[in-house]
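Trainee: Build me a structure from this.
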Amino acid sequence: MRYNMVMFLEFFYWWYGTGFSDTVMRARRLVIATAQIFSVKILIMTLFSPWKRIVTESDGSLDMMLKSIGDNAVSRAVGFFVRSIVLFTGLILIIISSVVGLAIVVVWPLLPIGVALSLFMALFGGFVK
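Mentor: Here you go, the predicted model:
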């Protein structure tokens, strides 16, 4: 009987100690990993860079210079458009992973209380009627 009580107390020691700190770290890592997967920092730094580094060089004539300016402008516009969509998607997923991680961290300490309350209600028919 003593072993069962010690094991019961060890569970709560783990749940509210190591288990909780691990849960907080995993929630934090989830947000960081999402930001790294979408390369948010790099996308912001290269937002106006040409798409796939497609740059047209001119040979010096006015006709080729105007053509290269137009090509480079289109390449930058495409790069901005694609990077903006990926950046927006990444930021939405970072927000979602932050909300999910925060919800898990908030619910984690309440789970044992919820289980005990559910058992009490199942065994004794709920609270005072």
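Trainee: since we're on R83, how many residues are nearby?
Mentor: For R83, the neighbour count with other CB atoms under 10 Å is 19. Where you see a C-beta, it was placed from the backbone N, CA and C, and this is true even at glycine.
Trainee: In this structure, where is pLDDT below threshold?
Mentor: Where the chain drops to pLDDT under 70, the residues are 1, 126-129.
Trainee: how about the helices in it?
Mentor: Here the chain has its helices, by DSSP state H, at 2-16, 18-37, 40-45, 62-107, 111-124.
Trainee: so can I have a markdown table of these showing distance to K52?
Mentor: Below are the helices of the chain laid out as a markdown table (distance: least, CB to CB, whole Å):
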| stretch | distance to K52 |
| --- | --- |
| helix 2-16 | 50 |
| helix 18-37 | 20 |
| helix 40-45 | 14 |
| helix 62-107 | 8 |
| helix 111-124 | 48 |
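Trainee: Indicate which one of the ones you listed is closest to T56.
Mentor: Evaluated over the helices of the chain, closeness to T56 peaks at helix 62-107, with 4.0 Å, by CB to CB.
Trainee: If you count contacts, what does that closest one end up packed against?
Mentor: Using 3 or more CB pairs under 8 Å, 6 or more residues apart in numbering; DSSP states H and E, the elements in contact with helix 62-107 are helix 18-37, helix 40-45.
Trainee: Now do the last one: everything it contacts.
Mentor: What that stands for is helix 40-45. Outside helix 40-45, the residues within contact range by CB atoms under 8 Å, 6 or more residues apart in numbering are A35, R83, V86, L87, G90, L91, I94.
Trainee: Return the members of these classed as buried.
Mentor: A35, R83, L87, G90, I94 (16 or more other CB atoms under 10 Å).
Trainee: could I get the residues you listed as CSV with distance to L102?
Mentor: Listed next are these as CSV, based on distance: CB to CB, whole Å:
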residue, distance to L102
A35, 16
R83, 28
L87, 22
G90, 18
I94, 12
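Trainee: phi, psi of the closest residue to M65 other than its chain neighbours?
Mentor: Nearest non-adjacent residue to M65, counting by CB to CB, 6 or more residues apart in numbering: S58, 4.3 Å away. Dihedral pair for S58: phi -110, psi 150, per degrees, to the nearest 10.
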